[in-house]
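Student: what's the 3D shape of this:
(one chain, ligands or ions: 2)
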Amino acid sequence: MSDPSKITQKQSGFYRILKYIVLLSIVLLLVGSGHQLVTNRRPRIAILGAGMGGTGAAYFLHERLAADIHVFKQKGESIGGRAHVMEVDGREYEAGGSVFHISNHYMMTLSDHFGLRRRSEPDAKVGIYDGSGFSYIDTGWPLLKYFKLMYRYGMKLFFIPSYISSMLDKFTVIYEYQAYGYTFETIPEFLTSLDPFFLNMTEMSTFTFLKNENYPKELTDELITGINRGNYGQDCNLHGFVGMISLCGSLQDSLRSIQGGNKVLAEKMLQESQAILHNTPVTRVRELKEETDIYYVIDTLESDPSLPQDNKFDFVIIAHPLELSGVQFELLRQKVSKPVDREFQVTIATFIQGRINPEFFGLEDLTQVPDAILTTELVNPRVDFSTLQKVIPVDVVNADDVSKYLVHDDNTVWKIWSRKPMLESDLDLMFLSRRTVVSKSWYAYPKYKPGQSFPQIVLEDKLIYINAIEWAASAMEMSLISAKNAALLVEENIRGRSQKLRDKVPGSHVERNEL
Ligand SMILES: Cc1cc2nc3c(=O)[nH]c(=O)nc-3n(C[C@H](O)[C@H](O)[C@H](O)COP(=O)(O)OP(=O)(O)OC[C@H]3O[C@@H](n4cnc5c(N)ncnc54)[C@H](O)[C@@H]3O)c2cc1C
Ligand SMILES: *[C@@H]1O[C@H](CO)[C@@H](O)[C@H](O)[C@H]1NC(C)=O
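Tutor: Numbers count the residues shown, from 1 in each chain. Ligands and ions are numbered 1, 2, ... in the order given. This is a model prediction of the structure:
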């Protein structure tokens, strides 16, 4: 006789398996019906904008999913958005997003992936101009430069590279998280998961941060203000996270740009994504509900025959700043209103080919004029500009060729960043002679205020906003990080799984957002 208890054990084992099979089929059925759209046809995704963020999102989506991707861009605008080149005397120059840091993993690995060559920025002689003269000018000798800097700004100066490097070490962990598929829904979650103090830094001005850390006032007012005026057109009143991360480029030989222009990367990503490109901007996104399906219908400025006939999109990715957007949203669950406290900083790029006037800068001869001039906040300046520097055409990448462009003659091309347009009378003062002048005005990047609110990234579960990240810091790499996150969020939604950074990193779920 067999032991009856064993039989029941065996039976119960069998029934348990059966139960699992039944449960599993129910789950599969449910999952299947819940994602009908996905199983019936490929998910359709609209991306609004063809800058680094929009084209990056198309690329990362294509890499991970079989989807129909539609990218919309403004008519007559080139792919790359703020990564943009302008022509001066038959050569092209970066007129927007110009350089990136070697720790920018996506800019580096993607340019490698597409076989694009990169240029190192030349070791230019830098000066800091205060409106009447130079408070600091580099000397050609590295050792002398070192002593001059230390003499002017004190030993504390040398804490900056190590502080920035440690910020970068913490920051670059995001690439590991993203490689494992972790997503974030808000900027505070993103920052806090890398280092809780990053969020604190957004709550104070760069001035306050540097003062708390006992940096001397001259260092803040001259060198660090000069760099931030150059990178963001703003003084050290911008929040501490962006103000400090902006100093990365001051690390030795750390900046790169892509041959042919950084926009070439955007072109390549778009091409590889096999997305359909629409040359007309989106004017309205309407959310509709049909039985259990929710989808988005899109209106464009001009009618577009390449739009899908039923005009139904499963996901919409916004890849431009909503602060500057003409898109209207009619949503069922959310209200997207134009934020009132968030403005963009105007920066004007002006290119001048000609001979600079050393006297304007209080210098005796041409050879004394630095290759790159940073400025402090000028009080009643004769000419108000943020930076003035010699530039090198985007096709030049060899180090030997690059240095040739640092000479002074009538063919030298200078680029000015300024908050207001340069007047002819301004240029008369600054240049002895000039041939070509071209300019472009940008709503360049956010005006950063300490303690500012952050936009949401996930406006609805299928409506994702890439450019929310610009309020932490605006850079081509930041748009790519946010684009990767957008692709991961879409994938998460389709596959019905959830891998949130805030669950992975305890304490990174911080509420400080608004739409
Ligand atoms: C002067 C300047 C200097 C800079 N310097 C640097 C630098 O050295 N390094 C760096 O990393 N970053 C720099 N930046 C910042 C960097 O360029 C941006 O952060 C980055 O390029 C933003 O990319 P994006 O794709 O998110 O947005 P964008 O490049 O702005 O792309 C969005 C696109 O969407 C389009 N669009 C808007 N509305 C619609 C619509 N309704 N439908 C369809 N399309 C629409 C826009 O016209 C635009 O072309 C600089 C920016 C400027 C302006
Ligand atoms: C950061 O801010 C939080 C919340 O305001 C605070 O509790 C914390 O002490 C701050 N951390 C540091 C290191 O200042």
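
Student: When you work out contacts or count neighbours from here on, use the C-alpha atoms and nothing else.
Tutor: Noted.

Student: Any figure for the gap between the closest residue to Thr172 other than its chain neighbours and ligand 1?
Tutor: Distances taken as C-alpha to C-alpha, 6 or more residues apart in numbering put Ser103 closest to Thr172, at 7.5 Å, once the chain neighbours are dropped. Distance, Ser103 to ligand 1, by C-alpha to the nearest ligand atom, to the nearest Å: 12 Å.

Student: for Leu459, same thing?
Tutor: Applying C-alpha to the nearest ligand atom to Leu459 and ligand 1 gives a distance of 16 Å.

Student: What strand or helix carries Met167?
Tutor: helix 159-171 (DSSP states H and E).

Student: tell me which residues in that helix are buried?
Tutor: Ile160, Ile164, Met167, Phe171 (16 or more other C-alpha atoms under 10 Å).

Student: So Ser498 is in contact with Glu492, correct?
Tutor: Yes - using C-alpha atoms under 8 Å, Ser498 makes contact with Glu492 at a distance of 5.8 Å.

Student: Identify the residues contacting the strand or helix carrying Glu92?
Tutor: Element membership of Glu92 [criterion: DSSP H and E] is strand 91-94. Strand 91-94 is contacted from outside by 83-87, 260-262, 391-395, using C-alpha atoms under 8 Å, 6 or more residues apart in numbering.

Student: from those, which is closest to Glu176?
Tutor: Glu176 lies nearest to Asn262 out of these, by C-alpha to C-alpha, at 24.3 Å.

Student: Name the nearest residue to that closest one, ignoring sequence neighbours.
Tutor: Ala83 (5.9 Å).

Student: how close does the one you found sit to Leu322?
Tutor: Remark: distance between Ala83 and Leu322 (C-alpha to C-alpha, to the nearest Å) = 18 Å.

Student: Compare neighbour counts for these two and give me the winner.
Tutor: Neighbours were tallied for Ala83 and for Leu322 using other C-alpha atoms under 10 Å; the higher tally belongs to Ala83 (23 against 20).

Student: Distance check, Gln389 against ligand 1.
Tutor: Distance from Gln389 to ligand 1, by C-alpha to the nearest ligand atom: 13 Å.

Student: likewise Tyr296?
Tutor: 15 Å.

Student: Go through the helix or strand where that residue lies and flag the buried ones.
Tutor: If you go by DSSP H and E, Tyr296 is part of strand 293-300. With burial defined by 16+ other C-alpha under 10 Å, the residues of strand 293-300 counted as buried are Ile294, Tyr295, Tyr296, Val297, Ile298, Asp299, Thr300.

Student: Give me the pLDDT for Leu144.
Tutor: Per-residue pLDDT puts Leu144 at 76.

Student: Look up how far Met150 lies from it.
Tutor: For Leu144, the distance to Met150 - C-alpha to C-alpha - is 10 Å.

Student: Stretch 425-444 and ligand 1, are they touching?
Tutor: Yes - Stretch 425-444 reaches ligand 1 (C-alpha under 6 Å from any ligand atom) through Trp442, Ala444.

Student: Name the residues of this structure found near ligand 1, please.
Tutor: 48-54, 72-74, 80-83, 96-100, 281-283, 319-320, 325-327, 347, 442, 444, 467, 474-477, 479.

Student: the longest strand in the chain is where?
Tutor: strand 431-446 (DSSP state E).

Student: Now, of the contacts of strand 91-94, which are buried?
Tutor: Buried among these by 16+ other C-alpha under 10 Å: Ala83, His84, Val85, Met86, Gly260, Gly261, Asn262, Val391, Ile392, Pro393, Val394, Asp395.

Student: In contact with Asp365, which residues?
Tutor: When contacts are counted by C-alpha under 8 Å, 6+ apart, Asp365 is found next to Pro358, Glu359.

Student: how about a cut-off of 7 Å?
Tutor: Each residue near Asp365 by C-alpha atoms under 7 Å, 6 or more residues apart in numbering is listed here: Pro358.

Student: now swap in the one 10 residues further on and tell me
Tutor: By C-alpha under 7 Å, 6+ apart, the contact set of Thr375 is Ile128, Tyr129, Asp130, Gly226, Ser386, Thr387.

Student: same thing but at 6 Å, please
Tutor: By C-alpha atoms under 6 Å, 6 or more residues apart in numbering, the contact set of Thr375 is Ile128, Tyr129, Asp130, Gly226, Ser386.

Student: May I ask which of these has the most neighbours?
Tutor: Ser386 (29 neighbours).

Student: Would you check how far apart that one and Lys420 are?
Tutor: 10 Å.

Student: hey, where'd the helices end up in the stretch 51-200 of the chain?
Tutor: 52-64, 105-113, 142-153, 159-171, 173-179, 187-194, 196-202 (DSSP state H, counting those that start in this stretch).

Student: Of those helices, which is nearest Arg382?
Tutor: helix 142-153 (25.5 Å).

Student: Name the residues of the closest one that come out as buried.
Tutor: In helix 142-153, counting by 16+ other C-alpha under 10 Å, buried: Lys148, Leu149, Tyr153.

Student: now for that helix, which elements pack on it?
Tutor: Packing partners of helix 142-153 (3 or more C-alpha pairs under 6 Å, 6 or more residues apart in numbering; DSSP states H and E): none among the helices and strands.

Student: Only the C-alpha atoms, please, for it, written as PDB.
Tutor: Extracted in PDB, the C-alpha atoms of helix 142-153 (Å, rounded to 0.1, in the frame of the first residue of the first chain):
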ATOM      1  CA  PRO A 142      51.900  76.100 -19.800                       C
ATOM      2  CA  LEU A 143      53.900  76.600 -16.600                       C
ATOM      3  CA  LEU A 144      53.700  80.300 -16.700                       C
ATOM      4  CA  LYS A 145      50.000  80.100 -17.400                       C
ATOM      5  CA  TYR A 146      49.600  77.900 -14.300                       C
ATOM      6  CA  PHE A 147      51.400  80.400 -12.100                       C
ATOM      7  CA  LYS A 148      49.500  83.400 -13.600                       C
ATOM      8  CA  LEU A 149      46.200  81.700 -12.900                       C
ATOM      9  CA  MET A 150      47.200  80.800  -9.400                       C
ATOM     10  CA  TYR A 151      48.500  84.200  -8.700                       C
ATOM     11  CA  ARG A 152      45.200  85.800  -9.800                       C
ATOM     12  CA  TYR A 153      42.700  83.300  -8.400                       C
END
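
Student: Since that was my last question, I'll sign off now.
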